[in-house]
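[1] generate coordinates for the sequence data below:
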Amino acid sequence: MNANQVMTEIEGKCRSRGLRLTPTRRRVLELVMAADGPVKAYDLLDDLKRERPGAAPPTIYRALDFLLENHFIHRLESLNAFVSCIHPQHQHQGQFLICEQCQTVLEIHDHDLADALTETAHRHGFIAKHQVLEIYGCCQACGEASD
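    Here you go, the predicted structure:
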């Protein structure tokens, strides 16, 4: 799904749910989507300040909270950074392959894996509310370049 399709999907979800995709929320989403990889909140703030000099940290964090809460972006916990969701049409758990060399992030969807993790937690008396699985290693392009 390309960026325009993702944005169209998100706009439709906002309309159907009665959510407000304010200009600031939209711009923060666009900045996350335009980033070459995971982007940190203060980098987003720097980008936003170029357009809106009065932007402050609460502006970014409120927009990020809205985008996260509605599953329009994902937070990579170990990097404390954000990536756009490439499948906003359905709610899902975050599973990511992260290249340690080029920092490329690939979002994957393995429902069997998510179900297995939820079931394992349940067997231990734990009720999982949210999953973010981050797998670090080497992407195919970097692996081929090092051969």
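[2] tell me how far the longest helix along the chain is from the chain's mean position?
    Among the segments of the chain that qualify as a helix by DSSP state H, the longest is helix 3-17. Between the centre of helix 3-17 and the centre of its chain there are 15 Å (Cα atoms, centre = their mean, to the nearest Å).
[3] now do the strands in this structure.
    In the chain, the strands defined using DSSP state E lie at 73-76, 81-84, 94-99, 105-108, 132-137.
[4] state the mean pLDDT of the last one.
    Spelled out, that is strand 132-137. On average, the pLDDT along strand 132-137 is 94.
[5] with the third one instead?
    Mean pLDDT, strand 94-99: 91.
[6] outside of it, which residues touch it?
    For strand 94-99, the external contacting residues (Cβ atoms under 8 Å, 6 or more residues apart in numbering) are 38, 74-76, 79, 83, 104-110, 113-114, 131-139, 142. From N, CA and C alone the C-beta is placed, and that goes for glycine too.
[7] now do the second one
    Strand 81-84 has contacts (Cβ under 8 Å, 6+ apart) with 3, 6, 29, 32-33, 35, 37-41, 44, 64, 67-68, 72-76, 96, 105, 107.
[8] please apply the same query to the last one.
    By Cβ under 8 Å, 6+ apart, the surrounding residues in contact with strand 132-137 are 74-78, 93-100, 113, 117.
[9] mind listing what that strand pairs with, with the direction of each?
    strand 94-99 (parallel) (DSSP bridges).
[10] give me the local confidence score for the spatially most central residue of the chain.
    Note on the chain: the residue nearest the mean C-alpha position is His74, at 2.2 Å, using Cα atoms, centre = their mean. In this model, His74 is scored at 92, pLDDT.
[11] tell me what it is bridged to.
    For His74, the beta-bridge partners are Val83 (DSSP bridges).
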